[in-house]
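[1] Quick one: sequence and predicted model below, then my questions.
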Amino acid sequence: MVLTTIYALLFYFATAVLLFGVGYKVYQYASVPAPLKIPTTPAPTTRTGVVLRMLREVIWFESLFRANKWIWLFGMLFHGALWLVLLRHVRYFIDPVWTWVILIQPIGKYAGFIMMIGLVGLLVRRIAVERIRYISSPSDYLMLVLLLAIGGSGLMMTFVLHTDIVQFKAFMLGVMTFSWQPIPPDPILLLHLTAVLLLMIIFPYSKLLHAPGVFFSPTRNQVDNPREQRHIADWAKRLEDASSS
Amino acid sequence: MAKTIDVPVLKPYIEIPKLQPDVMAGSGPYIAKPDMQAALGFRGELPEDWQSIALNKMGELLKKYRSFQVYMDACVKCGACTDKCHYLLGTADPKNMPVARQDLIRKVYRRYFTLAGKYFPKLVGAVDLTEEVLNDWHNYYHQCSECRRCSVYCPYGIDTAEVTMAAREILNSIGRGQKYSNEIIGKVYKIGNNLGLPEPALRDTLEGLEEDVEADIGIKVRFPLDEAGAEILLVTPSADFFAEPHVDGLVGYAKVFHQAGVTWTLSSKASEAANFGLFIGSYENMRRIALRIREAAIELGVKRIVFGECGHAWRVAYSFLNTLAGPFDFLDPRYPVPQHICEFTYDLLQSGKLTLDKSVNDHRVMTFHDSCNVARASRMGNVPGGQFTIPRELIKAACNNFYDMAPETIHDQTYCCGGGGGLLTDDLLELRIKGAMPRMQALQQATEQYQITHLAAICAICKSQFTKVLPYYGFKMDQVISVHQLIGDAIVFQTDSEHPENNTVT
């Protein structure tokens, strides 16, 4: 019961940190003005064009593809597989399980391996390529290790040491409906959950902010129309008012 | 005293160098004197409490520039940018990798502005703002030409130019400005242009040009100054008034205007297109410089504003002029404000009002250098990428022999000339020579393949930089020319029988 209490409370805490932390950063990014038009050109001249550019960027990693095929490949494998794995996990949070979640189940299970290949590739590059080693801090390695621990423990439970999935789902639904059910005291499951909770907590304080950040990057999200439309920030407008009065 | 410079050896392809930590460490460029600082509204010298002033300034910029705030957070250290900077490729100093350059300030941001850096500095690579860090800022943020090549490849669009500008603004706020840029801005305020050319000297120069051109082609092509009521105000880099090869570009613009039959004028008040306020990241100074152009346009009563060949000036003009000095509702709404001289000439060609004799340029085998600020921070024409096609169309219309350099070194992947961003100064000559290496490599390759004789550019800094560094790589300094020199040389002057008032041949 102690274990159940600890993990239930940790889930509430980590969820709050993740939501409020990221929420605050998104609010901050949205409220700080971009006083000048700085899209990296050639840039789209319409809003629709910008949406398409952004989609190419976040789905296909277009700029990264031009930059470096290896980083692109490993990054793509990791992020693509991560999405499948995350969607597969939806089944632990809803009852009855939606059909599409059941349908991706077989793919999601094996996507875990792809995710690990991507992560190992990124880690090997970080260690082996002199330039990337030079720019890496301990946290850059630890982030990959944490994700590897999450993926590894998850794969262990899926393919080697199965945990009591029915009991775990009862725990998860209990946490969500505030009627706690016992958590299976399985070490690998607890390792998996601890690592996920840690990731949720450090999300708003780490480079994981690249995920919301990319949508606010002025070089990517601005329309190239400075001659047609005057663009001016509030603080810059005040400079004008001050000099004209 | 002069240090011998190791000029990089050009290889058949660009090699990513083995890192040589701190090989470009040093004291950085000359520091601006207190009176130069004061003219721009900056502190004159490093005060006792510079740390807290710098951190306050950083906090202020984080609230004023979304780019700076997002770019401090979003980098994941993926390494995509690490081999993209011409200064890294030319010097091998790891702090010239874009991400490492950003980190010089990001590690301070983390220490003072993030929870992780406050409590776990070692873990996330956060450091205190020490004198050593300050010296690195001064040194390495003046080894960035703000060319934005790294921003093209970053999966989040992180633009080191934005970070460099923020760093330079912080440096200026604590009295650590760069002499070259700040002295030039002072000259613009005092005299009107970067070169400190006063109005009488400018008038004299233009009269001289008129005589030269008439002696050369037998037609009186005008170079008007401060002529109220002219249709077009031409704003051009002051190097165009006498530097080689720039001045031949100016002659080209004048011939184009002559043939177009439009009235135009230069302004002694806005006798400079360059806006070094961009380089130092100072919105206030950039705005003050840009406002001269608005005032000149109003005073002269012109209907259109056209910019001459200048890279960063075109960025400020195209992307920022409307913001800094607009709205321009007093100008003719049929034309974009402002226009690039290449757009003007291109429109003229399209409408058949310009006849060019390509054979005049048959002794030239051309290639074109995309200037960084034009390529990655602006546009020409109506469609994205017009900044690449329009200048090339002009060159091809004016000569028979044109070949591009390697595809990964042109268009938005172009390499900076090595002298942009406020680095075109002799105290940074070693950096300029080394930073030019990737462009020189591409030129060398194209020369071997196509026997290139000339490199055309549309930027005053590129032209000056190439004139200086080409010889170090075994080329000749006069191999660089203006796009409008090609045009000017090829123009076939026609008398206009329908509108005889346009004919100035007497």
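    Looks like it arrived, so ask away. Numbering: from 1, shown residues only, chains lettered A, B, ... in the order given.
[2] Pull the contacting residues for residue 31.
    Let's take chain A. By C-beta atoms under 8 Å, 6 or more residues apart in numbering or on different chains, the contact list for residue A:31 is empty. C-beta here means a position set from N, CA and C on the backbone, and glycine is covered the same way.
[3] other chain: chain B
    Applying C-beta under 8 Å, 6+ apart, the residues near residue B:31 are B:138, B:176-179.
[4] pull the CA atoms of the strand or helix carrying residue B:181 into PDB?
    Residue B:181 is located in helix B:179-190, with elements delineated by DSSP states H and E. C-alpha atoms of helix B:179-190 as PDB (Å, rounded to 0.1, in the frame of the first residue of the first chain):
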ATOM      1  CA  LYS B 179      35.700  49.600 -32.500                       C
ATOM      2  CA  TYR B 180      35.100  48.900 -36.200                       C
ATOM      3  CA  SER B 181      31.200  48.800 -36.100                       C
ATOM      4  CA  ASN B 182      30.700  51.500 -33.600                       C
ATOM      5  CA  GLU B 183      33.100  53.900 -35.200                       C
ATOM      6  CA  ILE B 184      31.300  53.500 -38.500                       C
ATOM      7  CA  ILE B 185      27.800  54.000 -37.000                       C
ATOM      8  CA  GLY B 186      29.200  57.200 -35.400                       C
ATOM      9  CA  LYS B 187      30.300  58.400 -38.900                       C
ATOM     10  CA  VAL B 188      26.800  57.700 -40.300                       C
ATOM     11  CA  TYR B 189      25.300  59.900 -37.600                       C
ATOM     12  CA  LYS B 190      27.900  62.600 -38.000                       C
END
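[5] Pull up the gap between the nearest residue to residue B:455 once chain neighbours are set aside and residue B:317, please.
    Once flanking residues are discounted, residue B:455 sits nearest to residue B:480: 5.0 Å by C-beta to C-beta, 6 or more residues apart in numbering or on different chains. Residue B:480 is 22 Å from residue B:317, where distance means C-beta to C-beta, to the nearest Å.
[6] Check residue B:400 too.
    On the measure of C-beta to C-beta, residue B:400 and residue B:317 end up 32 Å apart.
[7] cool, and residue B:147?
    Taken as C-beta to C-beta, the span from residue B:147 to residue B:317 is 18 Å.
[8] cool, and residue A:202?
    44 Å.
[9] So between those two, which is more surrounded?
    Ranked by neighbour count (other C-beta atoms under 10 Å in any protein chain shown), residue A:202 and residue B:317 place residue B:317 first, with 28 against 21.
[10] residue ranges with poor pLDDT in chain A?
    Confidence mapping of chain A against pLDDT under 70 gives the ranges A:245.
[11] Residue A:35 looks like it's in a strand, true?
    No - Residue A:35 is assigned coil when assessed by DSSP: H, G, I helix; E, B strand; the rest coil, not a strand.
[12] Tell me, how many residues neighbour it?
    Using other C-beta under 10 Å: residue A:35 sits among 22 other residues.
[13] Next, it: phi, psi?
    Note on residue A:35: its backbone torsions stand at phi -70, psi -20 [degrees, to the nearest 10].
[14] Distance of the residue most central in space within chain A relative to chain B?
    For chain A, the residue nearest the mean C-alpha position is residue A:211 (5.4 Å; C-alpha atoms, centre = their mean). The spacing between residue A:211 and chain B, counted by C-beta to the nearest C-beta, to the nearest Å, is 9 Å.
[15] need the residues of the stretch 401-506 of chain B near chain A, please.
    Those residues of the stretch 401-506 of chain B that sit near chain A, judged by C-beta under 8 Å from any C-beta of the partner chain, are B:412-413.
[16] Which parts of the stretch 401-506 of chain B are strands?
    B:454-457, B:480-482 (DSSP state E, counting those that start in this stretch).
[17] need the helices for chain A, in chain order.
    A:2-31, A:47-60, A:62-67, A:69-88, A:99-128, A:130-135, A:138-159, A:165-177, A:187-202, A:210-213, A:218-221, A:234-244 (DSSP state H).
[18] Let me know which of those is the nearest to residue B:451.
    helix A:62-67 (30.4 Å; C-beta to C-beta).
[19] hmm, who's touching the closest one?
    Contacts for helix A:62-67 (C-beta under 8 Å, 6+ apart): A:53, A:56-57, A:71-72, A:75, B:78, B:80-81, B:84, B:152-155, B:157, B:413.
[20] before we move on, what about stretch A:109-125?
    A:70-71, A:73-82, A:84-85, A:88, A:132, A:141, A:144-145, A:147-148, A:151-152, A:154-155, A:158, B:78-79.
[21] Pull out the buried members of the residues you listed.
    A:71, A:73-78, A:80-82, A:84-85, A:88, A:132, A:144, A:147-148, A:151-152, A:154-155, A:158, B:78-79 (16 or more other C-beta atoms under 10 Å in any protein chain shown).
[22] For residue B:177, which non-adjacent residue is closest in space?
    Per C-beta to C-beta, 6+ apart, closest to residue B:177 is residue B:32, 3.7 Å.
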